[in-house]
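*Asks:* sharing a sequence plus its predicted fold:
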Amino acid sequence: EGAIVVHSLKWHDEVRNHDELAPREVEVGEEEIEQALQLAERMTIEDLSDFHDEYREALEDIIAAKAEGKPLPAPAEDGGKEKGEVVDLMAALNASVAAAKESRGEDGKDATVHEMRPSKKTARKTPAKKTAAKEKPTASKKPAKKRSAS
């Protein structure tokens with residue numbers, strides 16, 4: 001019904017109705033269609049001869065070497081990623097902050113310190129505490145006498 005659905009689920013409650021997955025109907029104007037076609041044409045490459053899959057070529061060389069019983073070809077030295085310089089991010093950040101302060105003429109020597117006024121404390125009304133109901137006193141507060149079993 002216009003939808004391709006792949007399920008690799010284990011439980012029946014995980015399966016959804018394909019109607020939920022189908023794309024919604026939308027109206028597209030002629031101008032939008034024309035723009036989409038122009039974009040597709042600009043991105044299309046006619047001659048693909050300049051492209052080749054280096055991974056596939058290397059894999060085919062390995063397969064051929066194994067099939068013939070030859071030693072595996074060594075990885076290409078120039079095919080690896082270039083190693084970059086390790087940067088200490090905190091040092092770079094501190095240097096950047098220092099440079100920014102210097103460019104603004106801030107050296108910290110002319111800083112003024114102002115005393116903070118104490119904040120006004122607002123009187124808070126605390127809700128009345130609920131008191132627990134008093135328990136009725138027991139008949140006797142004297143400890144019970146121990147009775148011996150006889």
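*Replies:* Cool, the structure landed.

*Asks:* host element of residue 55?
*Replies:* helix 54-68 (DSSP states H and E).

*Asks:* check the gap between residue 102 and residue 35 for me.
*Replies:* Distance, residue 102 to residue 35, using CB to CB, to the nearest Å: 50 Å. All C-beta spots, glycine's among them, are computed from the backbone N, C-alpha and C.

*Asks:* meant to ask about residue 97
*Replies:* To residue 35, residue 97 is 47 Å away according to CB to CB.

*Asks:* cool, residue 64 as well?
*Replies:* 47 Å.

*Asks:* again with residue 115
*Replies:* Noted for residue 115: a distance of 65 Å to residue 35, by CB to CB.

*Asks:* cool, and residue 11?
*Replies:* Distance of residue 11 to residue 35, computed by CB to CB: 44 Å.

*Asks:* for residue 75, same thing?
*Replies:* The value you get for residue 75 to residue 35, if CB to CB is used, is 45 Å.

*Asks:* which one of those two has more residues nearby?
*Replies:* residue 35 (11 against 8; other CB atoms under 10 Å).

*Asks:* next up, phi/psi of the more buried one, please.
*Replies:* Dihedral angles phi and psi of residue 35 (degrees, to the nearest 10) take the values phi -60, psi -40.

*Asks:* please report how far it lies from residue 91.
*Replies:* Using CB to CB, one gets 49 Å for the distance from residue 35 to residue 91.

*Asks:* try residue 36
*Replies:* Counting by CB to CB, the gap from residue 36 to residue 91 is 49 Å.

*Asks:* likewise for residue 85?
*Replies:* 13 Å.

*Asks:* which of these two has more residues huddled nearby?
*Replies:* Taking other CB under 10 Å, residue 85 and residue 91 do not tie; residue 91 has more neighbours (9 against 4).

*Asks:* so which helix or strand takes in that one?
*Replies:* Short version, using DSSP H and E: residue 91 is in helix 89-104.

*Asks:* tell me the buried residues in that helix?
*Replies:* By neighbour count on 16 or more other CB atoms under 10 Å, the buried set for helix 89-104 is empty.

*Asks:* again with stretch 61-72
*Replies:* Neighbour counts over stretch 61-72 (16+ other CB under 10 Å) mark no residue as buried.

*Asks:* residues in contact with it?
*Replies:* With contacts defined as CB atoms under 8 Å, 6 or more residues apart in numbering, stretch 61-72 is touched by residue 73.

*Asks:* all set, thanks.
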